[in-house]
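Trainee: what follows is a predicted protein model with its sequence.
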Amino acid sequence: MDIKCIYIYLQKIYLSMKKMIVLMLAIGALSSLQAQTYKADVSDSQVKWLGKKVTGEHTGFINLKEGKLLAENGKITGGNFIVDMSSITNIDIESAEYNAKLVGHLKSDDFFGVEKYPNATFKIKSVKAVKESNASHHFTGDITIKETTKEITIPAVVKIEGDVITANATFDIDRSDFDVRYGSGSFFSDLGDNLIYDDFNLSINLVAKK
């Protein structure tokens, strides 16, 4: 093989390697733009509930069963979550007997019917960045409690730091929208001191990791 042939051969190898490097860089750039999944850390995440009635209020926790957030190019694009309704607890009643009675009542068909409906879900449909005193993002999606699905928008303060996303949100849900009737003025009249307000509050501290 003469020098000219060797030169042409080496030039072909160089061009082939150059194309391969360009292709690898393109694939790397494309993969960095694809959706990244951040899995909810259920041990570090917290869901706190607060319900009020004419004569007082009660509060407690519910466990996040599983969930994830999707992000592209450093922006959250979607996600979904499952809450274990059978895990509901109360933290303000000191008496073990009355605490158990309240928790049992909340799990019963009068309220959330957890034997038949063990999970509540939230599926994100859109995310909007905002500049508000209590929120950096609005998460709009479908929440399902018992047999009813409603669209809601949740304001949240979100931080993306490396492989971790944290989100803090406080918002109200109208239980009458989900056929939770006990003590509700939307379904019964003349309840007097037995009235339990329809709105209950959820405070969520979410930690999600790659």
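Mentor: Received, thanks.
Trainee: how about the strands in this structure?
Mentor: Under the criterion DSSP state E, strands of the chain are mapped to 36-40, 46-53, 56-72, 75-84, 119-132, 135-145, 148-161, 164-174, 196-209.
Trainee: out of those, which gets nearest to N90?
Mentor: Closest to N90 of those, according to C-beta to C-beta: strand 56-72, at 4.1 Å. From N, CA and C alone the C-beta is placed, and that goes for glycine too.
Trainee: what's near enough to touch the spatially most central residue of the chain?
Mentor: The centroid of the chain falls nearest to F81 when counting by C-alpha atoms, centre = their mean (4.7 Å). Shown in contact with F81 (C-beta atoms under 8 Å, 6 or more residues apart in numbering): A40, L64, E66, G67, K68, T121, F122, K123.
Trainee: and which of those is nearest to V207?
Mentor: Within the contacts of F81, the smallest distance to V207 is 7.2 Å, found for A40 (C-beta to C-beta).
Trainee: in the sheet, who's paired with the closest one?
Mentor: A208 (DSSP bridges).
Trainee: over to E66?
Mentor: Here E66, judged by DSSP bridges, has bridge partners I82.
Trainee: give me the distance between the nearest residue to S176 once chain neighbours are set aside and G162.
Mentor: Excluding the flanking residues, the one nearest S176 by C-beta to C-beta, 6 or more residues apart in numbering is S186, at 3.9 Å. From S186 over to G162 the distance is 45 Å, taken as C-beta to C-beta, to the nearest Å.
Trainee: of these two, who's got more company?
Mentor: Taking other C-beta atoms under 10 Å, S186 and G162 do not tie; S186 has more neighbours (11 against 7).
Trainee: list the buried residues of stretch 98-113.
Mentor: Residues of stretch 98-113 classed as buried: N99, L102, V103, L106, K107, F111, F112, G113 (neighbour count, 16 or more other C-beta atoms under 10 Å).
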